[in-house]
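> structure, please.
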Amino acid sequence: MSSKSGLSRDETNRAMNLLKSIERHGDSYEFRYPVDYIGLGLPDYPEIIKYPMDLSTVKKNLNAGEYESLQDFICDIQQIWDNCKLYNPEEAFIYKQAIKLQEFTNSFCMSNAIPVATMKKKPKEPSISLQEKKDLSELIQKVTSNTLAHVAMVVEEECPEAFSQLEKHKVVISLEKMNYSTFSRIREIIHAELGYGEEQVNDFNMSN
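Predicted coordinates:
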């Protein structure tokens, strides 16, 4: 556990017990990992859900000591249910699953001295690790020119401070200036397209 965590050992254990209890819940399967909106054919998902969250990301943040308080931790849990209810209609089965899991979470919190999420906050975006930057820089060399153009367009629209146009057909994308949500989106685009071509493109640079 990272020393920067604001949680005590006891608080960390309670938070981890909640995560494990949610994972064991029969309705939790769809919430365990990031939404594969490309594979599921949900192109509007990133336009509606500005702060994606899932149980594996919460666990990663907890293990990395990212949470300064139990309230920060539980707000990320609540963000999972809020995102589901925002994107899906009330009659959808997954919407009802989110309601059940929210009720389960609140009940567990009240029984284990964990604050129930009572207010929404803008979730803190995780930082992009050096390994993630390295992996993406390597993968970008394997995709087609059409995918590179798609990536450049996404970055220019969603995170313009990370985008630089050097020449008519040459751009530079700075991972240092990129927010995590944009990084995650272009990584999913690249993952979705890998295997459709191995064209090397020399007019596209990604800087760390």
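> pass me the low-pLDDT residue ranges in this structure, would you?
Applying pLDDT under 70 to the chain flags residues 1-5, 118-125, 168, 195-208.
> tell me where this structure has helices.
Along the chain, the segments classed as helices by DSSP state H run 9-24, 45-48, 55-63, 70-87, 93-111, 130-139, 145-158, 180-193.
> columns distance to residue 169 and mean neighbour count on top of those helices, output as a markdown table?
For glycine as for every other residue, the C-beta is placed from the backbone atoms N, C-alpha and C. A markdown table is the format used below for the helices of the chain (distance: least, C-beta to C-beta, whole Å; neighbours: other C-beta atoms under 10 Å):
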| stretch | distance to residue 169 | mean neighbour count |
| --- | --- | --- |
| helix 9-24 | 47 | 15 |
| helix 45-48 | 27 | 14 |
| helix 55-63 | 36 | 18 |
| helix 70-87 | 37 | 20 |
| helix 93-111 | 43 | 16 |
| helix 130-139 | 20 | 14 |
| helix 145-158 | 10 | 17 |
| helix 180-193 | 19 | 19 |
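> now for these, which one comes closest to residue 33?
Across these, the minimum distance to residue 33, taken as C-beta to C-beta, is reached by helix 55-63, at 5.1 Å.
> so what does that closest one touch, helix or strand wise?
On a contact count with 3 or more C-beta pairs under 8 Å, 6 or more residues apart in numbering; DSSP states H and E, helix 55-63 meets helix 9-24, helix 70-87.
> check what contacts the first one and list those residues.
What it means is helix 9-24. The contact list for helix 9-24 (C-beta atoms under 8 Å, 6 or more residues apart in numbering) reads 1, 5, 7, 28, 31-32, 55, 58-59, 62, 67, 70, 73, 77, 101, 104-105, 108-109, 112-114.
> and that helix with helix 70-87, angle?
Calculated by axes from the mean of the first three to the mean of the last three C-alpha atoms, to 10 degrees, helix 9-24 forms an angle of 20 degrees with helix 70-87.
> how about the CA coordinates for helix 9-24, as PDB?
Listed next in PDB are the C-alpha coordinates belonging to helix 9-24 (Å, rounded to 0.1, in the frame of the first residue of the first chain):
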ATOM      1  CA  ARG A   9      -5.000   0.200   7.900                       C
ATOM      2  CA  ASP A  10      -8.400  -0.300   9.400                       C
ATOM      3  CA  GLU A  11     -10.100   2.000   6.900                       C
ATOM      4  CA  THR A  12      -8.300   0.300   4.000                       C
ATOM      5  CA  ASN A  13      -9.500  -3.100   5.200                       C
ATOM      6  CA  ARG A  14     -13.100  -2.000   5.500                       C
ATOM      7  CA  ALA A  15     -12.900  -0.500   2.000                       C
ATOM      8  CA  MET A  16     -11.400  -3.700   0.600                       C
ATOM      9  CA  ASN A  17     -14.100  -5.800   2.400                       C
ATOM     10  CA  LEU A  18     -16.800  -3.700   0.700                       C
ATOM     11  CA  LEU A  19     -15.200  -4.200  -2.700                       C
ATOM     12  CA  LYS A  20     -15.000  -8.000  -2.200                       C
ATOM     13  CA  SER A  21     -18.600  -8.100  -1.000                       C
ATOM     14  CA  ILE A  22     -19.800  -6.200  -4.100                       C
ATOM     15  CA  GLU A  23     -17.700  -8.400  -6.400                       C
ATOM     16  CA  ARG A  24     -19.400 -11.500  -4.800                       C
END
